[in-house]
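Asks: Provided below are the primary sequence and the corresponding predicted coordinates.
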Number of protein chains: 2
Amino acid sequence: MSLRHGLLGLLAEGPASGYDLTRRFQETLGPIWPAQHPQIYAELGRLADAGLIEVESRGPRGRKAYGITGAGLDEVRRWLTEGEVDHTLRIEPLLRSVFFWLMAPDDLDAHLEREGRYFAEQANLYREHTTAKDRGDYGDSPQTRSIRIAAEAGVRLFQALADWAEWARAMPPVSDPDRTS
Amino acid sequence: MSLRHGLLGLLAEGPASGYDLTRRFQETLGPIWPAQHPQIYAELGRLADAGLIEVESRGPRGRKAYGITGAGLDEVRRWLTEGEVDHTLRIEPLLRSVFFWLMAPDDLDAHLEREGRYFAEQANLYREHTTAKDRGDYGDSPQTRSIRIAAEAGVRLFQALADWAEWARAMPPVSDPDRTS
DNA sequence: TGCCGACGTGTCAAGGTGTACATGTGTCTA
DNA sequence: TAGACACATGTACACCTTGACACGTCGGCA
């Protein structure tokens, strides 16, 4: 389960509330690992029970601040270096591609055009991140390099998908008897 | 839920048993969408209740042959053309990259080296598929083009990840005070 | 003051997913 | 013919994920 370690990783940057974590999880990790707040609150409870995090204070609006413990830090680090990596590429558009042969040629072309455009947009979005000053949030913090690397992955993967969609559109039917229409 | 449509898509190629579907799901769809047999048998039951597939016969070893119905075919096609695409890139290695800053430089380098090698291997594996005669299974069937397109995605994505890992290894620490050691 | 709306935390039910276990069938071979 | 083994289907349970609902807090404004 990656949610547990994702939360620990975010908390390694500093204390945060469940609400903060939900927003940050959705903003920065959302495109990679979706998580809604019920799941996050539940997991925070379990992490606290396990002693990996602790409630540091109860702020202004009933707001709880969670902080990572020494054991928690050890656990993220252990996961990062020793934890087995799940190499599954869970990408729905890829799953669909296996069944493209079921689509009418025109529908498929329209689909690939739409998808290609979306992927290209996303690639550009992450490209901006890599050149941006909006890294100013972190300045020269240790995270800067990680963020740069993660953004680079976004650029490369989305660009690869955009190119793929274009390539697929251009690829001629292997042997299509309907060509004569 | 993609499992439902994945099964319908596979059954659109022709009748198959739960066992067949499990093997085919794991072999061809496994790297994209993992599914174990209990999940598949359960889903087949639900699909049959919904009238999207039907039990065609009971063969040699208690073997059931499921076949797709007209309604089932309609449903896959509807999903492919109208169904909303989930663009989440659920890729664990990417999630990890956000937390690379928590790793010791040497551990990170070793990790990226290992990952890069794995990704490159996978890319080559799919590359073989794209040039291969082992498409002989399908010959000139309508699926040939889909399979080619899906394999191409495998090549491009894994190559992008391999390049990314190499790039990340080469990327210098942004500003690392420990450099003087 | 009274109400609205954003902030913030939580529960619950339903459904998806994964692991372990249980059962039966046919083939091959010692 | 007994046992081992691959084939084939299924159940049970735990856990993850999602969507809907509920409730308390604070600030602003009519």
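Replies: Here it is on my side, so go on. Numbers count the residues shown, from 1 in each chain, chains lettered A, B, ... in the order given.
Asks: if I pick A:Val76, what's in contact with it?
Replies: Residues near A:Val76 by CB atoms under 8 Å, 6 or more residues apart in numbering or on different chains: A:His5, A:Leu8, A:Gly9, A:Ala12, A:Ile68, B:Phe99, B:Leu102. In this view, the C-beta of every residue, glycine as well, is placed from N, C-alpha and C.
Asks: Identify the residue spatially nearest to it, adjacent ones excluded.
Replies: Computed as CB to CB, 6 or more residues apart in numbering or on different chains, the closest residue to A:Val76 that is not its neighbour in sequence is A:Leu8, at 4.4 Å.
Asks: Rounded mean pLDDT for the helix or strand harbouring that neighbour, please.
Replies: Per DSSP states H and E: A:Leu8 is located in helix A:2-12. Helix A:2-12 comes out with an average pLDDT of 94.
Asks: and if you look at stretch A:114-129?
Replies: Throughout stretch A:114-129, pLDDT has a mean value of 94.
Asks: residue closest to the middle of chain A?
Replies: Nearest to the geometric centre of chain A sits A:Ile32, at 1.7 Å (CA atoms, centre = their mean).
Asks: Ramachandran coordinates for the residue in chain A that DNA strand D sits nearest to?
Replies: Going by CB to the nearest atom of the strand, DNA strand D is nearest to A:Pro38 of chain A, at 3.3 Å. Main-chain dihedrals, A:Pro38, degrees, to the nearest 10: phi -60, psi -40.
Asks: measure it to A:Gly18 for me?
Replies: 10 Å (CB to CB, to the nearest Å).
Asks: returning to that earlier point: by contact count, what packs against the helix holding A:Leu8?
Replies: helix A:18-24, helix A:37-49, strand A:53-58, strand A:64-68, helix A:70-82, helix B:92-97 (3 or more CB pairs under 8 Å, 6 or more residues apart in numbering or on different chains; DSSP states H and E).
Asks: Among the ones you listed, show me which one is buried the most.
Replies: Among those, helix B:92-97 has the highest mean neighbour count (mean count of other CB atoms under 10 Å in any protein chain shown), at a mean of 22.
Asks: Give me the residues contacting that helix.
Replies: By CB under 8 Å, 6+ apart, helix B:92-97 touches A:2, A:5-6, A:29, A:32-33, A:80, A:85-88, A:146, A:149-150, A:153-154, A:157, B:115, B:161, B:168.
Asks: Show me which residues of chain A sit near DNA strand C.
Replies: Residues of chain A lying near DNA strand C by CB under 7 Å from any atom of the strand: A:17-20, A:22, A:37-38, A:41-42, A:44-45, A:60-64.
Asks: the inter-axis angle of the lowest-mean-pLDDT helix or strand in chain A versus strand A:64-68?
Replies: Of all helical and strand segments in chain A, the minimum by mean pLDDT, DSSP states H and E falls on strand A:53-58, at a mean of 82. Interaxial angle, strand A:53-58 versus strand A:64-68 (axes from the mean of the first three to the mean of the last three CA atoms, to 10 degrees): 140 degrees.
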